[in-house]
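Visitor: pasting the structure only:
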């Protein structure tokens, strides 16, 4: 699976959009981008995934650049409950496991 | 109704003891996993079972023995516990091993070996 690079930490004001970047410059054509988050003392939670098109669900939006070398997870109106570690994971189709990196610690400030 | 449930939530035990952690999922998934999160918060896969069969064993010491009596359950037994086994252990499940859908994780078991 391709390696991902995320900033170790970010801050965002409550009510604002939180934009979390992820670089995956070595991604190959059959690798998907996944986002998970882990709120303190809880298990990781699936957020969203995509291949090349932008995706949106009730939790977030995923914007993947046209060359697929980077992506951004957008939480449109961040709340205090969105404070968590966010993991960007690249996973090849058919892979039998999910490999976590260090993630970005996002803190939402009141 | 919890999708992936683990018991116990906390476990404190002495070095050398043997302990088990249980996991159950009610999602009808075929595949279950054990992950370990150490003190540095790094999440690492340990085992994966698909329909009761072991498909991933990530170079975990033999003291760790997973058991899957049916596809809804995956238990983790640890023999001769060591201080370094202290961590949070997460169980997870997915539709199948290579499912494009997300994994569902349990809330974790915090194991402390003293």
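Guide: Noted; the coordinates are in hand. In this text, all values refer to a predicted model and were calculated from it rather than measured experimentally.

Visitor: the strands in chain B, which residues?
Guide: B:4-7, B:10-13, B:19-25, B:31-37, B:43-50, B:53-57, B:64-70, B:73-78, B:87-94, B:104-105, B:109-113 (DSSP state E).

Visitor: How about residue A:89, nearest residue that isn't a chain neighbour?
Guide: Of all residues not flanking residue A:89 in the chain, residue A:34 sits nearest, at 4.4 Å (C-beta to C-beta, 6 or more residues apart in numbering or on different chains). C-betas here are computed from N, CA, C, even on glycine.

Visitor: Name whatever forms a beta bridge with the one you found.
Guide: residue A:49, residue A:89 (DSSP bridges).

Visitor: ok, which residues in chain A are in contact with chain B?
Guide: A:32, A:34, A:36, A:38, A:41-46, A:49, A:85, A:87, A:93-100, A:102 (C-beta under 8 Å from any C-beta of the partner chain).

Visitor: pLDDT weak spots in chain A?
Guide: For chain A, the stretches with pLDDT under 70 are A:1-2.

Visitor: Mind listing what's buried along stretch B:92-104?
Guide: By neighbour count on 16 or more other C-beta atoms under 10 Å in any protein chain shown, the buried set for stretch B:92-104 is B:92-95, B:97, B:102-104.

Visitor: Lowest-confidence entry in the residues you listed?
Guide: Of all those, residue B:97 carries the smallest pLDDT score, 83.

Visitor: Surely it touches residue A:96?
Guide: Yes. Taking contacts as C-beta atoms under 8 Å, residue B:97 lies within contact range of residue A:96: 4.2 Å.

Visitor: which neighbours do these two share?
Guide: B:48, B:55 (C-beta atoms under 8 Å, 6 or more residues apart in numbering or on different chains).

Visitor: circling back: just the buried members of the residues of chain A next to chain B?
Guide: Applying 16+ other C-beta under 10 Å to the residues of chain A next to chain B flags A:32, A:34, A:36, A:38, A:43-46, A:49, A:85, A:87, A:95-98, A:100 as buried.

Visitor: what does the lowest-mean-pLDDT helix or strand in chain B contact?
Guide: Of all the helices and strands that make up chain B, strand B:53-57 has the lowest average by mean pLDDT, DSSP states H and E, namely a mean of 90. Residues outside strand B:53-57 that contact it (C-beta under 8 Å, 6+ apart) are A:96-97, B:31, B:33, B:45-49, B:66, B:68, B:97.

Visitor: List the pairing partners of that strand within its sheet, with orientation.
Guide: strand B:43-50 (antiparallel).

Visitor: can you give me the angle the partner strand makes with strand B:31-37?
Guide: 160 degrees (axes from the mean of the first three to the mean of the last three C-alpha atoms, to 10 degrees).

Visitor: buried ones in strand B:43-50?
Guide: B:43, B:45-50.

Visitor: Please apply the same query to stretch B:70-87.
Guide: Under the neighbour-count criterion of 16+ other C-beta under 10 Å, stretch B:70-87 has B:71-76, B:78, B:81, B:85-87 buried.
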